[in-house]
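Asker: Using only what follows, build the 3D model:
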Amino acid sequence: MKKFFSLLRAVMSQDMQMFRFKAKNNATGIKKAIIPILLAALVLYAVGTMYLPLAMELNEANALYILLEFAIAIPSFIALLEGAYKSQTILFDAKDNELLFSLPVSKKMVLASRVIKLYVFQFLYSLLFCLPGIAIYAYYQKPTLYFYIITAIILILFPIIPSILGCVIGYITKQISSKFKAKKTIQLIITMAFVSLIMVLSFNANGIVSGIVEKADSIDIAIKNYFPIKAYIDLLSGFDIVKLLLLIGINVAFAFFFIIIFGRHYFDVITRSRSNIRSSNKEISVEDFKYKKQSILTALIKKEFSKYFSSTIYMFNTLFGLVLLLIATVALCMNFEQAINYMASGEMPVEDIATLRMLAPNVFITIVIAMSFMTSITSSSISIEGKTFNISKSLPVMEDKMLLAKVLMSNIITIPVILICDIIFFCSFKVEIIEEILILITSVIAPSIAAVFGLIINLKFPKMDASSDAEVVKQSMSSMVSVFGGMILAGVFVALTFLLAAFGSLGMLIEVVLLAIILLILWIILSLYGKKRYKQIEA
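Answerer: Have a look, this model is predicted:
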């Protein structure tokens, strides 16, 4: 047992930097905790604003208990998705694989330590989505101390089952992808397909709040088919030691049997993945070797692509916005009314939808701008290099070409997908020639703005000492600033679209001109600031 706790402590030390933010060495503990606390408070507030309208409706219908069910069901679903996603990094692609392979510990012990680590991630993340709903319920109902004790037990237990099921999905994904040479691409495709399926299913769920209130009894029965939620509600009604022990036993059994069953093949998957890499690096004779001359910029772009496609987390996070754009485009073309209602988070008057249909090009160009701004590949392109960044700096290549290669790589990925969405839209809606031209120009300028802006932010806030790609892509300051900055810019252009909607094509032209001006300003900033800042960064 002592050996296991030592192993657990070593495993937990990896990647936990993503819950910490850098501060000056002389900063107090309070100062170091300010940013994480503020971010957590922001998320809790945002989640609470989503729960509150539902709570008000349910309270009037005397069905507030359904809010508690949702406060557990929704985070459980998120934990399932996150488990499938995070398991790739924590269970299979961990950077300490080589070290743990050499230790005199059993495979099941290593898997158990990593499952516990995943659970800690899931528990902390799930609290952000549980606590607001529970707090709102407590505000309305004024429960006794017993409620808080049972709720605390449930909060500890409920992430276990969805996390284990997420691990199973991640395990299957890794099993399939490890049998192919292009395993990273296969892994990404499987993960994207799964997430896209969930998004398509969620898109068909209209009138959520009103539907929940109208069908409260049916929803209650459906949610209670999931035993942990049923046990939670039953325990709140009256204490039952048998049901409590059964709830604890089921959760522990899920984790135990996962470790026992999957522990037998756990390292086989990792070993197969590594052996595929070795087998692909076979010896090449001098006769087989052919030298192909190419430009410096082409070589740099290939280097960027090589780094990009080597990280599944990097690809998944940056391609998600493009997948969302593709789904939104198809949805608009297939069922415009339903798509608009979904984006507006509720039912819109028929007259408003008819007006928006007449302004379909304006709506589409806004979606393109919004999704482009929230797809930032370059915001991690420098930090993702890590310790190898100094090697790149030592190359006899001008810094401006290094930066240009990162922007072009981003555009090569994003622009073709956006152009495909344009073609789908043009085939489904009657669009004037001038509007088509403006949309096509926007489809080039908007992702270019996102690429240049993200690169400037990454130059300003590089994170060169990250312990994993997940820390760079999901938790670095540059990623957060780029995402929130993109959301703000997107919000501005959404408002601008509605203000200029009455001007038709002229309004679209004004937006395109503004986008061109923004791109020009950002490019000037990158040209003047980027080269100097690039030299200053040390890995």
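Asker: Only C-alpha atoms from now on, for both contacts and neighbour counts.
Answerer: Will do.
Asker: right, and the secondary structure at K430 would be what?
Answerer: coil (DSSP: H, G, I helix; E, B strand; the rest coil).
Asker: How many residues are close by it?
Answerer: Each residue near K430 was counted by other C-alpha atoms under 10 Å, and the total is 12.
Asker: Against L359, how distant is it?
Answerer: Distance, K430 to L359, by C-alpha to C-alpha, to the nearest Å: 11 Å.
Asker: What of F316?
Answerer: Counting by C-alpha to C-alpha, the gap from F316 to L359 is 32 Å.
Asker: Repeat that for L459.
Answerer: Noted for L459: a distance of 39 Å to L359, by C-alpha to C-alpha.
Asker: The two: which is more packed in?
Answerer: L459 (27 against 18).
Asker: Quick one, grab the pLDDT at that one.
Answerer: On the pLDDT scale, L459 is placed at 91.
Asker: again, but for L157
Answerer: For L157, the model assigns a pLDDT of 91.
Asker: next one: P132
Answerer: At P132, pLDDT is 90.
Asker: got it, and Y146?
Answerer: 91.
Asker: Please report the distance of it from F239.
Answerer: Applying C-alpha to C-alpha to Y146 and F239 gives a distance of 9 Å.
Asker: Quick check: which element contains S482?
Answerer: helix 477-500 (DSSP states H and E).
Asker: Give the buried residues for that helix.
Answerer: For helix 477-500, the neighbour count (16 or more other C-alpha atoms under 10 Å) marks 477-479, 481-483, 485-487, 489-490, 493-494, 496-498, 500 as buried.
Asker: where does the stretch 201-350 of the chain have low pLDDT?
Answerer: 201-224, 265-294, 335-350 (pLDDT under 70).
Asker: show me where it has helices.
Answerer: 208-214, 216-223, 227-237, 241-262, 266-280, 296-309, 312-334, 336-343, 350-358 (DSSP state H, counting those that start in this stretch).
Asker: Tell me the spatial nearest neighbour of the residue nearest in space to the middle of the chain, not counting adjacent residues.
Answerer: By C-alpha atoms, centre = their mean, the chain has its centre lying nearest to N317, at 5.0 Å. Leaving aside its chain neighbours, N317 sits nearest to V473 (7.3 Å; criterion: C-alpha to C-alpha, 6 or more residues apart in numbering).
Asker: Name the helix or strand for that neighbour, please.
Answerer: helix 469-475.
Asker: For that helix, name the packing helices and strands.
Answerer: Other elements packing on helix 469-475 under the criterion 3 or more C-alpha pairs under 8 Å, 6 or more residues apart in numbering; DSSP states H and E are helix 312-334, helix 477-500.
Asker: Send me the first one as PDB with only the CA atoms.
Answerer: Which is helix 312-334. Provided in PDB are the C-alpha atoms of helix 312-334 (Å, rounded to 0.1, in the frame of the first residue of the first chain):
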ATOM      1  CA  THR A 312      -4.600  14.800 -30.600                       C
ATOM      2  CA  ILE A 313      -5.600  17.300 -27.900                       C
ATOM      3  CA  TYR A 314      -4.300  20.200 -30.000                       C
ATOM      4  CA  MET A 315      -6.200  19.000 -33.000                       C
ATOM      5  CA  PHE A 316      -9.500  18.300 -31.100                       C
ATOM      6  CA  ASN A 317      -9.600  21.700 -29.300                       C
ATOM      7  CA  THR A 318      -8.800  23.700 -32.500                       C
ATOM      8  CA  LEU A 319     -11.000  21.800 -34.900                       C
ATOM      9  CA  PHE A 320     -14.100  21.800 -32.700                       C
ATOM     10  CA  GLY A 321     -15.200  25.200 -33.900                       C
ATOM     11  CA  LEU A 322     -14.900  24.100 -37.500                       C
ATOM     12  CA  VAL A 323     -17.000  21.000 -36.900                       C
ATOM     13  CA  LEU A 324     -19.500  23.200 -35.100                       C
ATOM     14  CA  LEU A 325     -19.600  25.500 -38.200                       C
ATOM     15  CA  LEU A 326     -20.100  22.600 -40.500                       C
ATOM     16  CA  ILE A 327     -23.000  21.300 -38.400                       C
ATOM     17  CA  ALA A 328     -24.600  24.800 -38.100                       C
ATOM     18  CA  THR A 329     -24.400  25.200 -41.900                       C
ATOM     19  CA  VAL A 330     -26.000  21.900 -42.600                       C
ATOM     20  CA  ALA A 331     -28.700  22.600 -40.000                       C
ATOM     21  CA  LEU A 332     -29.500  26.000 -41.500                       C
ATOM     22  CA  CYS A 333     -29.800  24.500 -44.900                       C
ATOM     23  CA  MET A 334     -32.000  21.500 -43.800                       C
END
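Asker: Which strands or helices does it pack on?
Answerer: For helix 312-334, the packing partners by 3+ C-alpha pairs under 8 Å, 6+ apart are helix 183-203, helix 296-309, helix 336-343, helix 360-373, helix 399-428, helix 469-475.
Asker: Check the last one too.
Answerer: In terms of contact count using 3+ C-alpha pairs under 8 Å, 6+ apart, helix 477-500 is assigned the packing partners helix 360-373, helix 433-460, helix 469-475, helix 505-525.
Asker: for the ones you listed, which one sits closest to I229?
Answerer: helix 469-475 (30.3 Å; C-alpha to C-alpha).
Asker: got the contact list for stretch 142-160?
Answerer: 72, 76, 79, 119, 122-123, 126-127, 228, 232, 235-236, 248, 251-252, 254-255 (C-alpha atoms under 8 Å, 6 or more residues apart in numbering).
Asker: same question, stretch 73-93
Answerer: With C-alpha under 8 Å, 6+ apart, stretch 73-93 has contacts from 111, 114-115, 117-118, 122, 126, 129-130, 158-159, 162-171, 174, 191, 195, 223, 229, 270, 313, 470.
Asker: Same question for stretch 513-520.
Answerer: Stretch 513-520 is touched from outside by T442, I445, A446, S448, I449, V452, with contacts defined as C-alpha under 8 Å, 6+ apart.
Asker: redo that, cut-off 10 Å
Answerer: 369, 438, 441-442, 445-453, 493, 507-512, 521-526 (C-alpha atoms under 10 Å, 6 or more residues apart in numbering).
Asker: For it, list every residue counted as buried.
Answerer: L515, A516, I518, L519.
Asker: Just the mean pLDDT for that stretch, thanks.
Answerer: Per-residue scores along stretch 513-520 average to 94.
Asker: Helices of the stretch 1-150 of the chain, residue ranges please.
Answerer: Counting by DSSP H, counting those that start in this stretch, the helices of the stretch 1-150 of the chain are 2-13, 29-60, 65-87, 97-101, 107-141, 145-157.
Asker: Quick one: those as CSV, columns for mean neighbour count and distance to L419 too.
Answerer: CSV is the format used below for the helices of the stretch 1-150 of the chain (neighbours: other C-alpha atoms under 10 Å; distance: least, C-alpha to C-alpha, whole Å):
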stretch, mean neighbour count, distance to L419
helix 2-13, 14, 44
helix 29-60, 15, 33
helix 65-87, 22, 28
helix 97-101, 13, 41
helix 107-141, 19, 36
helix 145-157, 14, 45
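Asker: mean pLDDT for these: which is lowest?
Answerer: helix 97-101 (a mean of 64).
Asker: would you put the C-alpha positions of stretch 107-127 in PDB?
Answerer: Presented in PDB, the C-alpha positions along stretch 107-127 are these (Å, rounded to 0.1, in the frame of the first residue of the first chain):
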ATOM      1  CA  LYS A 107       0.100  -2.800 -14.500                       C
ATOM      2  CA  LYS A 108      -3.100  -2.600 -12.500                       C
ATOM      3  CA  MET A 109      -1.500  -0.400  -9.900                       C
ATOM      4  CA  VAL A 110      -0.400   2.100 -12.500                       C
ATOM      5  CA  LEU A 111      -3.800   2.000 -14.100                       C
ATOM      6  CA  ALA A 112      -5.500   2.500 -10.700                       C
ATOM      7  CA  SER A 113      -3.300   5.500  -9.900                       C
ATOM      8  CA  ARG A 114      -4.200   7.100 -13.200                       C
ATOM      9  CA  VAL A 115      -7.900   6.400 -12.900                       C
ATOM     10  CA  ILE A 116      -7.800   8.200  -9.500                       C
ATOM     11  CA  LYS A 117      -6.000  11.100 -11.100                       C
ATOM     12  CA  LEU A 118      -8.700  11.200 -13.800                       C
ATOM     13  CA  TYR A 119     -11.400  11.100 -11.100                       C
ATOM     14  CA  VAL A 120      -9.800  14.100  -9.300                       C
ATOM     15  CA  PHE A 121      -9.900  16.100 -12.500                       C
ATOM     16  CA  GLN A 122     -13.500  15.100 -13.100                       C
ATOM     17  CA  PHE A 123     -14.600  15.800  -9.500                       C
ATOM     18  CA  LEU A 124     -13.100  19.400  -9.600                       C
ATOM     19  CA  TYR A 125     -14.600  20.100 -13.000                       C
ATOM     20  CA  SER A 126     -18.000  18.700 -12.200                       C
ATOM     21  CA  LEU A 127     -18.400  20.800  -9.100                       C
END
